[in-house]
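model the following, please.
(chains A and B)
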Amino acid sequence: MSGTLISRRAALLGLGGAVSLGRASLALAAAATEKRLVVVLLRGALDGLAAVAPYGDPDLAAQRGALAPVGPGQPDGLLDLGGFYGLHPALAGLHGLYQANEALLVHAIAGATRSRSHFEAQDNLEDGGPEHLAGARLTSGWLNRVVGALAGRHAAGNEMAMAVGTALPLLLRGPASVGTWLPATAQHPAPSLYAQIAAMHRADALTGPAVAEGLRDRGFSDAVLAGTEPAKNRYAFAALANSAGKLLADAKGPRIAALEIGGWDTHAAQAPRLAGALRALDGGLLGLKDGLGAAWGQTVVLVLTEFGRTVAINGTGGTDHGTATVAFALGGAVSGGKVRATWPGLAREKLLENRDLAPTADLRSLTKAVLAGHMGLSPAALAQVFPASAEVAAMAGVLRG
Amino acid sequence: MDIRARHAVIRFGFGAKGAQAAPDDPRGWLAAQLAGPDPALARPGASVAEGLRALRQDQAAKTGKLEAARAVLAADAATAIDVLLTTDAPFRERLVWFWANHFTISLRRAQVIGVAHAYVREAIRPHVTGRFSDMLLAVMQHPAMLMYLDNAQSVGPDSPAGRRTRRGLNENLARECLELHTVTPQSGYTQQDVTAFANVLTGWSIRYVEEPVGYMFRPNTHQPGGQMVLGQACGVGESGGVALLGWLARHPATLRHLATKLVRHFVADVPAEADVARITQVLRDTDGDLKAAALAVVDLPGAWVPLTKLRTPMEYMVAVLRALDLPADKRPDLRGAMGGMGQPYMSAPLPNGWGDTAADWAAPEALLRRIDWAYGVTGKVGGAVDAAVVAEQTLGGLLPAAAADSIRRAGDRRTALTLLLTAPEFQRR
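Just a heads-up that it's a prediction; the model follows:
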């Protein structure tokens, strides 16, 4: 998979587009600005406590049991972030960005809703509605409303849609013109989804052996399906992100992109599965930066997930649906090199409903800071992007300068 | 909801359409679909004459591109697929495709592409609830079949045209009619019977150029003299052939063949002897009434054992798209995708049509293609569809608790819907 998947012509025309590879997908929108904004959705709920582990919290090890991280400086240990937090060792690329002051990690953050339903929480993460509208989703996504606000201000015009097939994420759906585009190549589920499907068929005397053999014929070993060995298409997300970066870098290319990658719903065997997913994400973030080239300096990448996971390990070596988690703001325009959190603590009595990391920051606050300071949205436009959010102020200190 | 009702929709139809409720009285619902004319006949569609004119126009253009015929095909295929995805008489539609497969023609034969849907409209649909003998005659006199199995050019060696030219007999249609459409080799026919039957069918041809275009009997290519086919004396002329077909349609071996195929299609890959005997009996007692036979299949106890049959790729894709009940402009391209699934639209490789057992469709890569196709479909709609609702509407209690649980616990809507649509139970009917 390479950048040639995305039509050069679409890029040059500044048309929006969406492409999809396995569980990773990409959508693009044109806007009359030199600033770049990329939103990476992690569907399935990233375990923020594993990605950015608060190893300095005295309650972490006991709660996490077998999932407790290895401290910095040891083999396969955390990558230190200044003495209290450490990055998962699979996030070496992100650690490099952090050290270059291009990665701001915001912890104990959550969206507007307290739903532990993936679907309700993802809808809310994408539609940008307030808590009381969660579940009754808005008809457009907040990033689409950003595109609309930018188009209105710049009277950009020529926002031709390219409806060729695949659906946009709710995040980018709405009245502002954002086309869709699908590569001619077939889409394939990620190995983890193939594995789930094969498991459903296992007991079936007819389809079970056939599905298993079909997967073997296609080069998926049992280890690949179990997530303990990389699949050949492991770097699909990196390639896609790299393509997105190149498109965004083009003088006449789109300015806004949404990418998504799954694999985060680690109810079981979290250690190997999450490591694989994080490596894919890490490769993608580096691929994106490479693709952007000099435009990285004008870029903010927001990495968001619908909620976090339980503080305690569950009975199957995994974690269940939780509340607060971590979010990343990356790019040359970001004031990085820090973990930002009002840390709530992991002692039992500090947890939300005795199980979840308690939220002390709002995802909309982080996003508003980027939209106002980086994309130049007015307070009135921000109120449209995130309705009924007057009490959520833009986070300070997110952007450089 | 009653498992029996849900099963009826899956077994005899193409699965539930969107939120449409399963029938309160499954048997009554099935029987009602077979009363009156086929509702799909009210849809627009090219007649065989229009298809033949398109073919003639293409041949005159000498581009070899068959543009006019392809346009007819595209329009008619779109209608046919819309019928599949929206019909409220899915049992009837299943029977239409069953009989169209029994009397296979294939788009692989480029000549027939402009008349393929006219064939189904004119030779199959009107007779799905009528007599088998009428369907057989309509098929054997339809230009699509006469072209597909080469009878249009078959010339009796001793006919005026045969004596004047070097043209002669083509036994293709005669052989396939005996082997596949009627008595089967079990009847013990010989090459002599095939040749004799081919002689009978000489002159069954097509008028391409002059109006009215369509089927025509050409006496000057018809082999003179009577023939003997399977010990049955057959008179000369078109009427001799019509009478012989009537006899073949009622032959015990034909009735048994049809019964076996019906039971295999609707009940089990390996039909039980008692079931075959029962349907054979009904066909004999009703003079080949296909509606009576279809309802007798419904009344077989074995027909109510759920999920014993693997859906063909087409049945599977139709079931998925009916379950999602998408507006016409949002539906994925079914016709285009069928090729990748191993069952290109109306393009069976051979005159025996598509296979009707699990072994024909359960190859490893074939099942993975289903998974990949379903995944592509869910990528288009997955974010907007609640898989738990679709699971309830389609399989309900037929979905095992473990599968329902993994759908509920899936990390995102697309994954949830993919799990439902790729579940073993969704592959079956």
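
pLDDT below threshold where in the stretch 251-400 of chain A?
By pLDDT under 70, the stretch 251-400 of chain A contains no weakly predicted segment.

now do the SS call for A:A108.
At A:A108 the chain is in strand, as set by DSSP: H, G, I helix; E, B strand; the rest coil.

pull the number of nearby residues for it.
The tally of other residues near A:A108 (other C-beta atoms under 10 Å in any protein chain shown) stands at 23. Quick note: C-beta positions are derived from backbone N, CA and C, even for glycine.

shouldn't it be in contact with A:A358?
Yes. Contact criterion C-beta atoms under 8 Å: A:A108 and A:A358 qualify, at 6.8 Å.

intersection of neighbour lists for these two?
Shared contacts of A:A108 and A:A358, defined by C-beta atoms under 8 Å, 6 or more residues apart in numbering or on different chains, are found at A:A324, A:P344.

next, count neighbours for residue 150.
Picked chain A for this. For A:L150, using other C-beta under 10 Å, the count is 25.

correction: the question concerned chain B.
16.

what's the spacing between the nearest residue to B:V242 once chain neighbours are set aside and B:A416?
Closest residue to B:V242 apart from its sequence neighbours, by C-beta to C-beta, 6 or more residues apart in numbering or on different chains: B:L137 at 6.3 Å. To B:A416, B:L137 is 51 Å away according to C-beta to C-beta, to the nearest Å.

higher neighbour count, these two?
More crowded of B:L137 and B:A416, by other C-beta under 10 Å: B:A416, with 25 against 18.

what values do phi and psi take at the more buried one?
Per-residue torsions, B:A416: phi -60, psi -50 (degrees, to the nearest 10).

quick one: contacts for it?
A:F119, B:G382, B:A387, B:A388, B:I407, B:R408, B:A410.

tell me the confidence at the last one?
Looking at B:A410, its pLDDT stands at 91.

so who does it touch?
Here B:A410 is in contact with A:H118, A:D265, B:A387, B:A416, B:L419 (criterion: C-beta under 8 Å, 6+ apart).

so who does whichever residue of the stretch 251-400 of chain B sits closest to chain A touch?
Relative to chain A, the nearest point of the stretch 251-400 of chain B is B:P364 (3.2 Å; C-beta to the nearest C-beta). Neighbouring residues of B:P364 by C-beta under 8 Å, 6+ apart: A:A210, A:V211, A:A212, A:E213, A:G214, A:L215, A:D217.

narrow those to those in helices?
A:A210, A:V211, A:A212, A:E213, A:G214, A:L215, A:D217 (DSSP state H).

helices along the stretch 251-400 of chain A, start to end?
A:270-292, A:363-373, A:379-385 (DSSP state H, counting those that start in this stretch).

buried sites along the first one?
Residues of helix A:270-292 classed as buried: A:270, A:273-289, A:291-292 (neighbour count, 16 or more other C-beta atoms under 10 Å in any protein chain shown).

now stretch A:139-147
Buried residues in stretch A:139-147 (16+ other C-beta under 10 Å): A:S140, A:G141, A:W142, A:L143, A:N144, A:R145, A:V146, A:V147.

show only the entries of those residues found in helices.
Those of these lying in helices (DSSP H): A:W142, A:L143, A:N144, A:R145, A:V146, A:V147.

residues contacting the second one?
This points to A:L143. A:A29, A:L37, A:V39, A:E126, A:L171, A:L172, A:I256, A:A258.

now for the residue nearest to it when sequence neighbours are not counted: which residues touch it?
Leaving aside its chain neighbours, A:L143 sits nearest to A:L171 (4.8 Å; criterion: C-beta to C-beta, 6+ apart). Going by C-beta under 8 Å, 6+ apart, A:L171 touches A:A27, A:V39, A:L41, A:L125, A:E126, A:G141, A:W142, A:L143, A:N144, A:A258.

going by distance to chain B, which of those wins?
Out of these, the member with the shortest distance to chain B (by C-beta to the nearest C-beta) is A:E126, at 8.7 Å.

next, that closest one: phi, psi?
phi -90, psi -40.

how about B:M228?
Dihedral angles (degrees, to the nearest 10) for B:M228: phi -120, psi 120.

and if you look at A:L79?
phi -90, psi 110.

who does it bridge with?
A:L87 (DSSP bridges).

and it, how many neighbours?
Residues within reach of A:L79, counting by other C-beta under 10 Å, total 21.

and if you look at the one 10 residues further on?
A:P89: 19 surrounding residues under other C-beta under 10 Å.

quick one: buried residues of stretch B:32-48?
B:Q33, B:L34, B:D38, B:A40, B:G45, B:A46, B:S47, B:V48.

what separates the second one from chain A, distance-wise?
By that I understand B:L34. 31 Å (C-beta to the nearest C-beta, to the nearest Å).

that residue contacts B:R94, correct?
No. Assessed by C-beta under 8 Å, B:L34 is found out of contact with B:R94, at 11.2 Å.

now, which of the buried residues of stretch B:32-48 lie within helices?
B:Q33, B:V48.

close to chain B: what parts of the stretch 251-400 of chain A are there?
By C-beta under 8 Å from any C-beta of the partner chain, the residues of the stretch 251-400 of chain A that approach chain B are A:G262, A:W264, A:D265, A:H267.

my guess is the first one contacts A:Q196, does it?
No. Between A:G262 and A:Q196 no contact is recorded; they are 11.6 Å apart, counting by C-beta under 8 Å.
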